[in-house]
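Trainee: quick check, what structure comes out for this input:
(one chain, ligands or ions: 1)
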Amino acid sequence: MSQRVAVLPGDGIGPEVTHAALRVLQTVRPDLVCEVGTVGGAALARGESALPDHVRTLCDASAAILFGAVGLPEYDGKPLAERPEYALFLLRRDYELFANIRPVRVFSGLEDASSLKAELVRGLDLVVVRELTGGIYFGQPKEQRIIDGVEAAVDTMIYHAPEVERIARVAFDLARARRKRLTSVDKQNILETSRLWRRVVDRIAPEYPDVQLDHLLVDNAAMQLVRRPGDFDVIVTENMFGDILSDEAAILTGSVGTLPSASIRADGFGLYEPVSGSAPDIAGKGIANPTAAILSAAMLLRMSLHDDEHAAQIERAVDAAYAHGARTSELVHPGMPSLSTQAFTEAVLAAL
Ligand code: NAD
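Mentor: Numbering: from 1, shown residues only. Purely as a prediction, here's the structure:
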């Protein structure tokens, strides 16, 4: 497999945190060919599309994409196809990145940043696996109509068994490599798609006798996530439920700047990016937390390049930096000393 990585920093804090991640990545894997492409608002500003053809060509020739963030306030209100975010939409759709994987961890010493009591989130370590290319966000028909003279609208939630099978396997595999517990979330008391979902997940379960599977209704899952978050290991769910639950899980940590993500397809190709956006409010100030981008690079090594050793090395270095008290500004009380993006990155590099 090609050991080329397409690096797409994008907008706002994207370039700042991606630069940090690239420094770390190239320190542990100097052999990787990392090629930078311009996407999002940065590409639109040059008169190109949000995802120019030459960037697609770069992605086609790469084993994975390291992505920053896209989005700039001046494009708010424009149609999606004219906004920076269109780049991400096209990458996810055209590369069929059906599995969105979001690890949620609370670093030692950061428990107080959570809006939950510290004892509830201490040592928190769970993963949300969200189906990303199906369900109600994509089903047809999807339109506004006049029905019997009244304004109306329809969205369609549809899943095919193979879509459920492939995301379930991603989740079972992840659970097998972790604490071997998988929670599948659905709404099978109401939705036909959820009945299919549960049936298919149950059908696959015997292939993973070492993984303990349970099912939760989505409303209950939303409650349990804030009541006993430490009990979860891997959560798998459909697109819309995953959209909501993954954000709920993310805020358990208190800082969106620490959360990496992967969007992958079956052959291992994937896009790795911080969960957060381009943060225009802090862009250019050199204070963004680069943890999410650095940990996204670690996920890229593990999931697309099958390099567990260097992925774990990066993860240990980030743990060590936090354990030694490294903090960016959003993690300290106003007025308290904190590290810039660059200084935090140096702390991680020093710990490597
Ligand atoms: P955001 O995630 O960019 O910012 C939310 C808050 O979190 C801000 O206060 C920001 O300063 C803070 N924050 C985010 N990342 C941080 C970091 N690494 N370190 C410290 N603080 C951090 O969300 P938003 O403000 O709603 O969106 C801004 C733009 O990003 C919009 O244009 C939106 O469309 C876009 N967006 C892009 C993506 C993506 O590229 N994947 C995701 C979400 C939003």
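
Trainee: tell me the buried residues in the longest strand anywhere in the chain?
Mentor: Identified as the longest strand of the chain according to DSSP state E is strand 139-147. With burial defined by 16 or more other CB atoms under 10 Å, the residues of strand 139-147 counted as buried are residue 139. All C-beta atoms are positioned from the backbone trio N, CA, C, and that covers glycine.

Trainee: just give the strands next to the helix or strand just after that strand in its sheet, each with its orientation.
Mentor: Remark: after strand 139-147, the chain's next helix or strand is strand 150-156, criterion DSSP states H and E. Partner strands for strand 150-156, per DSSP bridges, with pairing direction: strand 139-147 (antiparallel).

Trainee: for the partner strand, give me every contacting residue.
Mentor: By CB atoms under 8 Å, 6 or more residues apart in numbering, the surrounding residues in contact with strand 139-147 are 151, 152, 153, 154, 155, 156, 157, 158.

Trainee: would you list these in CSV and tack on distance to the ligand?
Mentor: Compiled in CSV, the contacts of strand 139-147 are given as follows (distance: CB to the nearest ligand atom, whole Å):
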residue, distance to the ligand
151, 28
152, 28
153, 23
154, 26
155, 21
156, 25
157, 23
158, 25
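
Trainee: output the longest strand of the chain in PDB with nothing but the alpha carbons.
Mentor: Taking Å, rounded to 0.1, in the frame of the first residue of the first chain, the C-alpha atoms of strand 139-147 are listed here in PDB:
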ATOM      1  CA  GLY A 139     -32.700   8.600   2.000                       C
ATOM      2  CA  GLN A 140     -35.100   9.600  -0.800                       C
ATOM      3  CA  PRO A 141     -37.600  11.100  -1.100                       C
ATOM      4  CA  LYS A 142     -36.400  14.100   0.800                       C
ATOM      5  CA  GLU A 143     -38.300  17.200   0.000                       C
ATOM      6  CA  GLN A 144     -40.800  19.900   0.900                       C
ATOM      7  CA  ARG A 145     -44.300  19.500  -0.500                       C
ATOM      8  CA  ILE A 146     -47.700  21.000  -0.400                       C
ATOM      9  CA  ILE A 147     -50.100  18.200   0.700                       C
END
